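[1] Provided below for reference: sequence and predicted model.
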There are 2 protein chains.
Amino acid sequence: MSVDLPLDGRRRAVIENITPRVDDGRFPVKRLAGESVDVEADVFADGHDEVRAVLEWRGPIDAEWHEQDMARLAPLGNDRWGATLNVPSVGKYEFAVHAWVDHYATWQHDLEKRIDAGQDVTIDRQIGERLLARTQEDIRDLRTISATYAVTVDPVRAGFSAWYELFPRSASPDPKRHGTLRDVMTRLDYVSGLGFNVLYLPPIHPIGRQFRKGPNNQPSTKPADPGVPWAIGSEAGGHTAVNPELGTLDDFDALVAAARARDMEIALDIAFQASPDHPWVSEHPQWFKQRPDGTIQYAENPPKKYQDIYPFDFESVDWRGLWQGLNDVFRFWIGHGVTTFRVDNPHTKPFAFWEWCIADIKRDHPETIFLAEAFTRPKPMYRLAKAGFSQSYTYFTWRNTPAEMRTYLEEITKPPVTDFFRPNFWPNTPDILHADLQQGGRAAFMARVILAATLSSNYGIYGPAYELMDAMPVAPNSEEYLDSEKYQQRTWDLARADSLAPLIATLNGARRDHPALQSNERLYFHDVNSDWLLAYSKSTADGSDVILAVVNMDYHATRAASLELDLNALGLPADAPFVVVDLLDGATYTWRGSRNWVSLDPEVRAAHLLWLRRP
Amino acid sequence: MSVDLPLDGRRRAVIENITPRVDDGRFPVKRLAGESVDVEADVFADGHDEVRAVLEWRGPIDAEWHEQDMARLAPLGNDRWGATLNVPSVGKYEFAVHAWVDHYATWQHDLEKRIDAGQDVTIDRQIGERLLARTQEDIRDLRTISATYAVTVDPVRAGFSAWYELFPRSASPDPKRHGTLRDVMTRLDYVSGLGFNVLYLPPIHPIGRQFRKGPNNQPSTKPADPGVPWAIGSEAGGHTAVNPELGTLDDFDALVAAARARDMEIALDIAFQASPDHPWVSEHPQWFKQRPDGTIQYAENPPKKYQDIYPFDFESVDWRGLWQGLNDVFRFWIGHGVTTFRVDNPHTKPFAFWEWCIADIKRDHPETIFLAEAFTRPKPMYRLAKAGFSQSYTYFTWRNTPAEMRTYLEEITKPPVTDFFRPNFWPNTPDILHADLQQGGRAAFMARVILAATLSSNYGIYGPAYELMDAMPVAPNSEEYLDSEKYQQRTWDLARADSLAPLIATLNGARRDHPALQSNERLYFHDVNSDWLLAYSKSTADGSDVILAVVNMDYHATRAASLELDLNALGLPADAPFVVVDLLDGATYTWRGSRNWVSLDPEVRAAHLLWLRRP
């Protein structure tokens, strides 16, 4: 027995190391509509013949492939070729590299040298004629063809979005009445006025009765306890129903329409788990784990028991039915105008499910966005992004010093991570009231939202808890809120004089007005001579918009230091004066050169957010 | 239309980033017999269940796969798993990673926590019994299976070899008589006495008559001109014949046997090109490019013409026949006891050919070694190694300062390069007499061979030109030898008093006695306060053998400086005295700590080659 010959051994060109590629090409690269993909490859052949390379690609609606020349990249001799693939539309793009030995170009090149040397080229001219006649077929026949790589092109808001989370149950102006979706409609102007473009609601479905939780996660004792929105399903319906206490599907449709009228999306929280009262428990018992005593396995983290929640059994013999059922949940809400989904704990469902489900939905609805709420280890977190999630919650909340923050951002805002992972920074969530906020007072609340909104082009807050600086944990050393809205209705005084609403509106305005803040691509950290100050800039590709932020991450003491600006990164000449405008308070400063003095008193201001005003 | 479901969506484990892998697994990883492969992978699953991973592998003669447990690697929480695959035999190994959710282990783990918490575990015990019954089938059914990766395991001498190249035509003791293979046999004791274990001969085949070259690459004018050995083929035969002037195939067989009796291999130079007189020109005209005037295309580098050489046309319609014909050349010589091939200009033949040819031959003869003589750009050079060449000529000759040498070595002696590329360092070849040797005198000849022999576990020299310090170029600024043996017979006085033979014998003896010099794996550069001194160490894995070299790369001036030894890399305690023995002259020094003074006068000694004598 011998080793098989290749299909056509006359394919002499070699294609190696195509970039960008995620996990050897196993997963698509991600881009936003209107961006581009700088495709590069090592291309060469044996001998000294001329080589050509082209990028073959097709867009979401193309039946045919397009061809685009690739060019040798400098430095010469390193055999690197490149082409820029523009991806204007949402959907799936594909690309491959083709390369071949270009006999005609080789001949032409050699002919010039022969003529220069005064040689007789009679035969060479005949060779050239032969080649010219054969070139077209040769090119097709003897092309080396790379693997095909995919690009998922998402809508722009997958890369630039500001999320506001609220509990509809607390949207009622009357503390004695459960809030409704109609109440949320009356909040839209407030949220829109803050500058957010995604309003995200915890699960809006009917809530289970069995083992319902009461305030502060205690067993419910009163029939009026509204229960936990993540204990999904009752006799009123499951994942495609609206909790009757919140209203009707018509109310939801009206809310979506009213939000859209304000250029806002309604994001739904999709939590794939069921209360014991979910209709699927009886309709699809095979979707749950059966215990030997005939009961259904509830959620556990032994020895803790969560009897109000039944997880799905993804190893069910009917896994295909389960996957389709869950897929249908997304499709149902897409049918009601939802394009943005926050997915609860996706890391506790198989990665293969997400890969299939998101690809299947985005095939029909490429405008959809999926935010992964997976506070898990780095590799599963990244795997979810590779599997298709458009955005991801991050470790931002637990990066509490400038050094930690810089290290983390330098990981997640550079390739290869940026080819598949888009961070969404949250200074708080209904599950996470960080010690910094518990102990840092107003300064911490200001600094953390400024960091989130300016470090990451996607960010969100859980309000009104955030702007009203709710900082009371349920217990010492706990990150859970006291009297959390997860278990009960709360009433918020949005008009409070100390609300951070004006700061947040200013931040969102700066994000809207300054394209530098709409991407993480050119985030750059500047050295600063203090362990507590974080200095960073963001710029547009053309340098026309530059924002420089300096944040005091010590919420208890004034910190002053000299900045060592990288003037090159800021597009500034050496040792010349320049004017910066603080977008937070309108103050104007004239600075000069790389070294400038900054002092931040947390009682007065948490940060400078400086726009470099061009002369 | 929707996206296809996976074959079995219940496979919940994920396997990512398997290492080592070359070009996404496109090519095998290389190892030597007796070495091992530290296989690692990211392995995890959704949720909190226990995961297991195993390494599946099979060796060259295994029909069945073996299974070996993988273990979680520290630091915990990074989901990295590993196992060591031992590869004792030459040939092709394959490995893959399998992973799955281990329900039984999860159950066991949870049960302990339940018992600790004093919970009733009656039902849990029943669950455990069910699981135990099902475990074996589950494990097989629900395994995630990675791609399969290959390992080429070469004989030890692929990684540790000392080559001596000589022209048989010059082996005659009588200047008036053409040397023969029988003459070469009388040289074996000399070469073996120098400590080399590969004797490499330029092509030994009949040499073409048409357009034969005479001395110094001028057109031949005398019938007695022996011609260029690389112009292969005459009426006496082609690539499987012996040049009658050298002797017979029987003589060759005798030479191979005599070499083997001295633990030496005869390496043949395989140059895939033909003289106009090669039998294949008439037998297989389709293997060559036909010109419109009916002639065959000779080799060119326009406007230069090499009319004595016909290259093969690898785009021939009969490429399959050509490939098989060339493959048969190797097989013919393997049949005559040759296992080591130096391949001439492999980068001017298709990479796909080499990949097929070497794999096909190594399948039957895994003990064979192929050295690529490809002085080309880095990526084609690496591609040949990936395609199967066991060793490669390098840019060593053109790395002429300590800084250049360090940078280059740090590239080629670390992963990922070491997974596919094995350097073979040559201070000279019949084609390359570097300016350093032309101008550096005896000091340069000493230093360059010391560097080659101690930086790289594979090295070679072209002799007797090297040990007799032939330094005369054919023209100024040329790297070609004057009166090169490529074109004429030379006579060498091996007994010359100034021969470097004793130094070379000492070097090869040090390489034989010191396992530290038999691998590049733990090559480490130490800082030295001079631009002209290069300091480096090599150690065995267990630290039992440590060699420290300091070489003066200025061949014209004494250079002295303080070494800043990394004592950790040398396995030495801080600030303690230690004894070093210079293997080149037996001198002994007592040094202390990291800073030690070195002075090298090129008139006296080119280098220290220090063995760290353990107390």
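    Arrived safely, thanks for sending.
[2] got the contact list for the residue nearest to residue A:46 when sequence neighbours are not counted?
    Sequence neighbours aside, residue B:350 is the residue nearest to residue A:46 in space, at 5.1 Å (criterion: CB to CB, 6 or more residues apart in numbering or on different chains). The way it works is simple: take the backbone N, C-alpha and C, and place the C-beta from them, glycine included. For residue B:350, the contact set (CB atoms under 8 Å, 6 or more residues apart in numbering or on different chains) comprises A:9, A:10, A:11, A:12, A:45, A:46, B:314.
[3] and the first one, how far is that from chain B?
    The reference is to residue A:9. Separation of residue A:9 from chain B (CB to the nearest CB, to the nearest Å): 5 Å.
[4] tell me, what's the model's pLDDT at that residue?
    If you check residue A:9, the pLDDT there is 94.
[5] what about it, helix or strand, and which?
    Under the criterion of DSSP states H and E, residue A:9 resides outside all helices and strands.
[6] hmm, back to that, quick check on the residue nearest to residue A:46: phi, psi?
    Phi and psi for residue B:350, reported as degrees, to the nearest 10, are phi -60, psi 140.
[7] what does the one 3 residues further on give?
    With angles defined as degrees, to the nearest 10, residue B:353 shows backbone torsions of phi -60, psi -50.
[8] ok, and the closest non-adjacent residue to it?
    residue B:323 (5.8 Å).
[9] and if you look at residue A:84?
    Here the residue nearest residue A:84, using CB to CB, 6+ apart, is residue A:36, at 5.0 Å.
[10] so that neighbour, which of the three states?
    Classification of residue A:36 by DSSP: H, G, I helix; E, B strand; the rest coil places it in strand.
[11] any idea how far chain B is from it?
    Counting by CB to the nearest CB, the gap from residue A:36 to chain B is 24 Å.
[12] which residues does that residue contact?
    Applying CB under 8 Å, 6+ apart to residue A:36 gives the contacts A:84, A:85, A:86, A:87.
[13] so what's residue A:83 bridging to?
    Per DSSP bridges, the residues bridged to residue A:83 are residue A:39.
[14] for chain B, give me its nearest residue in the stretch 351-500 of chain A.
    Nearest to chain B, among the residues of the stretch 351-500 of chain A, is residue A:360, at 4.1 Å (CB to the nearest CB).
[15] the residue nearest to residue B:353 contacts residue A:6, correct?
    No. With contacts defined as CB atoms under 8 Å, residue B:323 does not count as touching residue A:6, sitting 9.6 Å away.
[16] who touches both of these two?
    Shared contacts of residue B:323 and residue A:6, counting by CB under 8 Å, 6+ apart, come down to residue B:356.
[17] who's more crowded, those two?
    Remark: of residue B:323 and residue A:6, residue B:323 carries more neighbours, 23 against 15, as counted by other CB atoms under 10 Å in any protein chain shown.
[18] so the residue of the stretch 351-500 of chain A closest to chain B belongs to a helix, correct?
    Yes. The assignment for residue A:360 by three-state DSSP puts it in a helix.
[19] right, and it touches residue A:388 too?
    No. Counting by CB under 8 Å, residue A:360 does not reach residue A:388; the two are 9.7 Å apart.
[20] residues from the stretch 51-200 of chain A in reach of chain B?
    Counting by CB under 8 Å from any CB of the partner chain, the stretch 51-200 of chain A comes close to chain B at A:77-79, A:110-111, A:113-114, A:116-117, A:119, A:123, A:126-127, A:130, A:142.
[21] that older thread, give me the pLDDT value at the residue nearest to residue A:46.
    pLDDT recorded at residue B:350 is 98.
[22] can you check the one 10 residues further on too?
    The pLDDT attached to residue B:360 in the predicted structure is 98.
[23] can you tell me how far the spatially closest residue to it that is not a sequence neighbour is from residue A:363?
    Distance criterion CB to CB, 6+ apart; nearest residue to residue B:360, sequence neighbours excluded, is residue A:3 at 4.1 Å. Here the criterion is CB to CB, to the nearest Å. By it, residue A:3 lies 39 Å from residue A:363.
[24] then residue A:129?
    Using CB to CB, residue A:129 is found at 49 Å from residue A:363.
[25] who has more neighbours, the two?
    residue A:363 (14 against 11).
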